[in-house]
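Q: below is the sequence, then the predicted model.
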Amino acid sequence: MNLSRRQMLILLPAAAIAYKYALAGTPEESPNYKMSDHWWGMLIDIPKCIGCGNCVRACATENDVPDGHFRTWVERYHRTDDNLTTPEVISPNGGKDGFPVAQEDAGKYFFVPKMCNHCADSPCTQVCPVGATFISPDGVVLVDQKYCLGCAYCVQACPYGCRYIHPEKEVADKCTLCYHRITQGLTTACCESCPTGARQLVDLKDPKDPIHGFLKTHAVQVLKPQMATGSKAFYNELDGSVR
Amino acid sequence: MRFFRDAGHLFRFAGLFVLAFLVFMGLRYFAVPKTFGQYGHYRAAAIGDIAAHPAKFAGHDACETCHSDVAEKKSHGKHAHVNCEACHGAQYQKLAVPDQPKPGFYQAFLIKIGKALPPDPPILRHADDPTTVKPVLPDTSVLCARCHTASAAKPKGFPQVVPAEHSGGMPCETCHQPHSPAIGSDTSAGGAK
């Protein structure tokens, strides 16, 4: 084969690009879903939560969460006027069966739904010794259960207590932000079943997502901001006593 | 060639290093999953595995495709923004796990030591096959009370009652139709066509 210098100069970069695509392999995505177009998070609107426990039950159903373990749970806070830093917190069975009736008194009651914060700089993915947990390109912290050894480093590392070791599979398990649903264009099971809209799935890369306007006009916080985890669970009107 | 005199042992040793390196690279080729490192220090194919989990909640859009009459009624009432499955739950049944393909060497080893992950049982949803999967009607006495039982912990603007005092034991749907709960707003309960 006789190639001129000019042909060679054109062919070489073309071959390099082709080789790069061959290396990248086939993408593992749904046909209409592009990972690079999304950056998922969750908005939790504290004043809307009524503590019904629908989200906890829906999550357990959708994701076959074993009894006694939780990918999401609801806590009820009760803080009195003279003690703003040490509230009384209850979460009977994760709020799965609802909460006991509270009697009106001087304190403030409110519910705080908790779940994986899908941190952008998550401590849990950094400690995994084998690369079994990771942040997907669309911002969801996931566990590769075929690769996980069950060493539970990540369970200890999560500052929010959002991971557990699955009693039957003996690997780490956690909220996937219903990855199998959001990649199909559905919302998460907890958002789907929340009767008051206290939970909303948000896509920070979608310019039309109402979260952008919401963040502009509301007092929104994340949990443990001092840990610089880059949490993407946004809490509206979070009380300062929440840890 | 004075420099290489009496250096044969060094070349033999270097040869061993090269051999060990080639063996290492060969083992690494088989041990490291194909997609490991595609997006980062993890197996990219795991994303596809996680996305393949079956979705049990069909989503309100799927419900409203057939039950447009209920969607219409609901849209005018207080429960307009309560999704169907918030009350009705996920309507599905689990199917038998189909025969798995013959496991590979590694998978067979995992099964032998009891470390293989059980496959997700496939499911059939009411939204996929409305005739086979019959929906279970929710029990309103439990369901309504779950949200509307009075408690000081609930937000003040949220409608709450003490069930025993409020209805005196009568079922909620005697007065309130769940799809449009204001009294007198609609007399038919609505449901499947």
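A: Done, it's in.

Q: in chain B, where's the longest helix?
A: helix B:8-31 (DSSP state H).

Q: does the next helix or strand after that helix reach chain A?
A: Using DSSP states H and E, the next helix or strand after helix B:8-31 towards the C-terminus is helix B:45-51. Yes: counting by CB under 8 Å from any CB of the partner chain, chain A has neighbours in helix B:45-51: B:45-51. (Glycine included, C-beta is placed from N, CA and C.)

Q: what subset of the residues you listed is buried?
A: B:45-51 (16 or more other CB atoms under 10 Å in any protein chain shown).

Q: run through the strands of chain B in chain order.
A: All strands of chain B, identified by DSSP state E, fall at B:92-94, B:123-125.

Q: okay if I get those as CSV plus distance to A:Thr196, mean pLDDT and mean neighbour count?
A: Listed next are these as CSV, based on distance: least, CB to CB, whole Å; pLDDT from 0 to 100; neighbours: other CB atoms under 10 Å in any protein chain shown:
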stretch, distance to A:Thr196, mean pLDDT, mean neighbour count
strand B:92-94, 25, 92, 16
strand B:123-125, 25, 93, 17
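
Q: what about those, which gets the closest to A:Arg57?
A: strand B:92-94 (14.5 Å; CB to CB).

Q: the closest one pairs with which strands?
A: Its sheet considered, strand B:92-94 pairs with strand B:123-125 (antiparallel) by DSSP bridges.

Q: list the contacts of the partner strand.
A: Here strand B:123-125 makes contact (CB atoms under 8 Å, 6 or more residues apart in numbering or on different chains) with B:54, B:56, B:58, B:90-95, B:132-133.

Q: quick one, what contacts the residue nearest the centre of chain A?
A: Chain A has A:His118 as the residue nearest its centroid, 3.7 Å off, counting by CA atoms, centre = their mean. Residues in contact with A:His118 (CB under 8 Å, 6+ apart) are A:40-42, A:135, A:139-141, A:175, A:177, A:231-233.

Q: repeat that for A:Thr80.
A: If you count contacts by CB under 8 Å, 6+ apart, then A:Thr80 has A:106-107 around it.

Q: just list whatever residues bridge to it.
A: With DSSP bridges as the rule, A:Thr80 is bridged to A:Asn83.

Q: just A:Asp203 next, same as before
A: The partner residues for A:Asp203, given DSSP bridges, come to A:Trp40.

Q: how near is it to B:Val23?
A: Using CB to CB, to the nearest Å, A:Asp203 is found at 47 Å from B:Val23.

Q: between these two, tell me which one has more neighbours.
A: A:Asp203 (17 against 10; other CB atoms under 10 Å in any protein chain shown).

Q: I figured the more buried one hits A:Trp39, correct?
A: Yes: counting by CB atoms under 8 Å, A:Asp203 touches A:Trp39, with 6.6 Å between them.

Q: if we can go back for a sec, so which of the strands of chain B gets nearest A:Asn2?
A: It is, among those and with distance given as CB to CB, strand B:123-125, at 61.7 Å.

Q: phi first, then psi, for the residue nearest the centre of chain B.
A: Note on chain B: the residue nearest the mean C-alpha position is B:Ala55, at 4.9 Å, using CA atoms, centre = their mean. With angles defined as degrees, to the nearest 10, B:Ala55 sits at phi -90, psi 120.

Q: which of the helices or strands spans the closest residue to it other than its chain neighbours?
A: Using CB to CB, 6 or more residues apart in numbering or on different chains and skipping the chain neighbours, the partner closest in space to B:Ala55 is A:Arg181 (5.0 Å). Per DSSP H and E: A:Arg181 is located in helix A:179-182.
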